[in-house]
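> Next comes the sequence, and after it the predicted model I'd like to discuss.
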Amino acid sequence: MNVATIAMHEVRIGMRNRWAVATTLVLAALALSLALLGSAPTGVVKTDPLAVVVVSLSSLTILLIPLIALMLSFDAIVGEHERGTLALLLSYPVARWQVVVGKIVGQTAILGVATVLGYGAAAIAIAIGKTGAAVQPAWGAFAALVGTSILLGASFVALGCLASALVRERATAAGIAVALWLFFVLLYDTALLGVLVADQGRTLGRTALDALLLLNPADAYRLFNMSASDAVSVYSGMAGPGDASRLPIAALLGALVAWVVVPALAAVAVFRRRAV
C-alpha cells in the first residue's frame, strides 16, 4: 500500500511538472516522423512498414529512453534531501525500501504511459495509412518493442535512483546520470569493438562476447528487438546464414529484467545505510 501511495505521488509530481506530457509529445513526434517518413517507400517495394519502423524505433529508443529515464530519476532521493522533505517522508510509517521501490514504480509508470501513447500514435498512423497492404504488419514485434522499451526505461530509472541514493548533492547525481548515459549508450559498444579488434579472436570467444553484450541493457534491448521477430530480423540484418545473434530470446529478456532488479536492490541497500 505504501509503495502504491508513493508511486502515485511520483506520478502526480510528474503530471504537475509536465514531465509526462512533454515525454509523450517528444516520443510521439519522433515516432510519427519515423512512421510517416521512414516507411514511405514500403508501398512500392512491398515491405512491412511496421517492421521497418520497429528497426528504426529500436535505434531511437536506445538513445532517447535512457536519457529521459535518468532525467526523471537522478534526483529521486537526493532531491528530497536537498528540499528538506526526506526526513519528513521517513517520519511516516513507511519503510525505506518502500520509498525507493515506490519512486522507481512511479517514475517507470510515467515513462511507460508516455511510451505507449507516443509509440501508439505511430502504430495508429501506419494502420490508417497502410490499409489493404500486401504484407501483414508485424504487430507482435511492435508490441514487444513497446514492452521492452518500458523495461529499458525501468532499468535506467533504477540506475538513476541508485545514483541519487549514493550522493548528497543534485549536481553530483546529475553528473553521474550523464556519465551513465554516455557509458552505456555511446562508449560501451565503442570500447567493446576496440577490444575485439585488438584481440583478433585470440582471447575473447563467442561466449565471452555474448556475456559482455548482456552486461549492457542497451545491447540486450537492441539484440532482442532486432532478432526476436523473423519479419524484423530481415530488415535489421540479423537474419541469414551467418546467425548474427545466437543469444536466446529468454536470455536477452532475462538480462533486461535483471538490469531493473539488481540496481533497484542496490539502491534499497544503499538507502538503508544512508543518514538523513
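Happy to help now that I have it.
> CA only for contacts and neighbour counts going forward, please
Fine.
> Next secondary structure after the least confident helix or strand in the chain by mean pLDDT?
Least confident helix or strand of the chain, by mean pLDDT, DSSP states H and E, is helix 42-45 with a mean of 48. Counting by DSSP states H and E, the next helix or strand C-terminal to helix 42-45 is helix 49-73.
> If we go by neighbour counts, what in the very next helix or strand once past that next one is buried?
Following helix 49-73 in sequence order, the next helix or strand is helix 78-83 (DSSP H and E). Of all the residues in helix 78-83, those buried under the rule 16 or more other C-alpha atoms under 10 Å are 78-81.
> same check, this time on stretch 9-17
Quick answer for stretch 9-17 (16+ other C-alpha under 10 Å): 9-14.
> in the protein, which segments are predicted with low confidence?
For the chain, the stretches with pLDDT under 70 are 37-49, 129-137, 228-246, 276.
> biggest helix in it, by residue count?
helix 96-129 (DSSP state H).
> re the thing from before, let's see which of the buried residues of stretch 9-17 end up in helices.
9-14.
> can you list those in CSV and add distance to A109?
As requested, these are exported to CSV (distance: C-alpha to C-alpha, whole Å):
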residue, distance to A109
H9, 11
E10, 9
V11, 7
R12, 11
I13, 12
G14, 10
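> Let me see the contact set for the residue nearest to Q98 when sequence neighbours are not counted.
Nearest residue to Q98, sequence neighbours excluded (C-alpha to C-alpha, 6 or more residues apart in numbering): V3, at 5.2 Å. By C-alpha atoms under 8 Å, 6 or more residues apart in numbering, the residues touching V3 are 98-99, 101-102.
> of all these, which comes closest to A255?
For those, the closest approach to A255 (C-alpha to C-alpha) belongs to V101, at 19.5 Å.
> Now do the residue lying closest to that closest one once chain neighbours are set aside against A275, distance only.
Once flanking residues are discounted, V101 sits nearest to V3: 6.5 Å by C-alpha to C-alpha, 6+ apart. For V3, the distance to A275 equals 21 Å [C-alpha to C-alpha, to the nearest Å].
> Could you do L186 as well?
Distance, L186 to A275, using C-alpha to C-alpha: 34 Å.
> who's more crowded, those two?
Using other C-alpha atoms under 10 Å as the criterion, L186 and A275 rank with L186 on top: 14 against 6.
> how about the more buried one, phi and psi?
phi -110, psi -50 (degrees, to the nearest 10).
> ok, now R274?
phi -80, psi 130.
> A95 now?
The phi/psi pair for A95 (degrees, to the nearest 10) is phi -80, psi 150.
> and stretch 115-132, C-alpha only, in CSV?
Extracted in CSV, the C-alpha atoms of stretch 115-132 (Å, rounded to 0.1, in the frame of the first residue of the first chain):
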residue,chain,number,x,y,z
THR,A,115,5.9,5.3,-24.4
VAL,A,116,2.6,3.5,-25.0
LEU,A,117,0.9,6.8,-26.1
GLY,A,118,3.9,8.1,-28.1
TYR,A,119,4.7,4.9,-30.0
GLY,A,120,1.0,4.0,-30.2
ALA,A,121,0.5,7.2,-32.2
ALA,A,122,3.0,5.8,-34.8
ALA,A,123,1.2,2.4,-34.9
ILE,A,124,-2.2,4.2,-35.5
ALA,A,125,-0.7,6.2,-38.3
ILE,A,126,0.7,3.1,-40.0
ALA,A,127,-2.6,1.2,-39.5
ILE,A,128,-4.6,4.1,-41.1
GLY,A,129,-2.1,4.7,-43.9
LYS,A,130,-1.4,1.1,-44.9
THR,A,131,-4.9,-0.3,-45.0
GLY,A,132,-5.0,-3.1,-47.5
